[in-house]
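K.L.:
got a structure for you, letters missing:
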């Protein structure tokens, strides 16, 4: 009887996994962090991670759909099952790795930069950063600096323009178009934070993690990942 029960359980598990593979995999992103991810004029997710995610799903032979979620609840809503994968410019850190799993990185550690309206004293200044980011953690560790956090990246830049903050710290790829198209300028030195950007998944989804890991590796091997990085993130290092 024990053998029969184990065999039945194994069959049920196998069937469940097969059914899970046929289900739609939901990709969760913020939709508010260009050029990584943003909403186009039609309200659809676009950007580097849209192209990347679609290609990874094709290589892994998965049917995927996109879901948008605010940044400050993006990990809790992954864990609660609102979507299956985070692909949202999320840097791999030890703290995040304690609560979710990551694929291998699909970008190198990206430079983070300070931008301001003019010369500022970063060590004694008020620095804006998006809540829950590695940039916010870095500012909090700076001697003499005061961190002010905002829910969206646009709000961090707006805080500098309207005088609420002396500078903003964010991914350089996000800040480049703002500096090019406004009176903001880069100040201070770039800093390298985190272990690159990866896809975040629930600890229990080992098989799905392995599927996306293999797809990322295949894009690294044939050079298509570097092509996407050069297209969308020209300031970033390639593999």
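P.N.:
Right, received. Where do you want to start? Just so it is clear, the model here is predicted, and its values are computed rather than measured. Residues are numbered from 1 along each chain as shown.

K.L.:
other SSEs contacting the host helix or strand of residue 115?
P.N.:
In this assignment (DSSP states H and E), residue 115 forms part of strand 111-116. Judged by 3 or more C-beta pairs under 8 Å, 6 or more residues apart in numbering; DSSP states H and E, strand 111-116 is in contact with helix 134-141, helix 153-161, strand 167-171, helix 172-180, strand 185-192. All C-beta spots, glycine's among them, are computed from the backbone N, C-alpha and C.

K.L.:
for this structure, which segments are assigned as strands?
P.N.:
All strands of the chain, identified by DSSP state E, fall at 25-29, 32-33, 37-39, 45-46, 64-68, 85-86, 101-102, 111-116, 126-130, 146-150, 167-171, 185-192, 200-201.

K.L.:
buried ones in stretch 75-85?
P.N.:
Neighbour-count burial for stretch 75-85, with 16 or more other C-beta atoms under 10 Å as criterion, is recorded at 75, 78, 83, 84, 85.

K.L.:
and for stretch 210-223?
P.N.:
So for stretch 210-223, counting by 16+ other C-beta under 10 Å, buried means 211, 212, 213, 215, 216, 219, 220.

K.L.:
got it, and stretch 81-99?
P.N.:
83, 84, 85, 86, 87, 88, 89, 90, 91, 92, 96.

K.L.:
hang on, isn't the third one packed against residue 25?
P.N.:
In other words, residue 85. Yes - with contact defined as C-beta atoms under 8 Å, residue 85 and residue 25 form a contacting pair (6.5 Å).

K.L.:
mutual contacts of those two, please.
P.N.:
Jointly contacting residue 85 and residue 25 under the rule C-beta atoms under 8 Å, 6 or more residues apart in numbering are residue 208.

K.L.:
just give the nearest non-adjacent residue to residue 166, would you?
P.N.:
Excluding the flanking residues, the one nearest residue 166 by C-beta to C-beta, 6 or more residues apart in numbering is residue 125, at 3.6 Å.

K.L.:
ah, wrong one, I meant residue 211
P.N.:
residue 60 (4.4 Å).

K.L.:
residue 161 against residue 182, yeah?
P.N.:
Yes - counting by C-beta under 8 Å, residue 182 is a contact partner of residue 161 at 7.3 Å.

K.L.:
domain parsing for the chain?
P.N.:
Taking automatic domain parsing as the domain assignment, the ranges for the chain are 2-108+196-232, 111-192.
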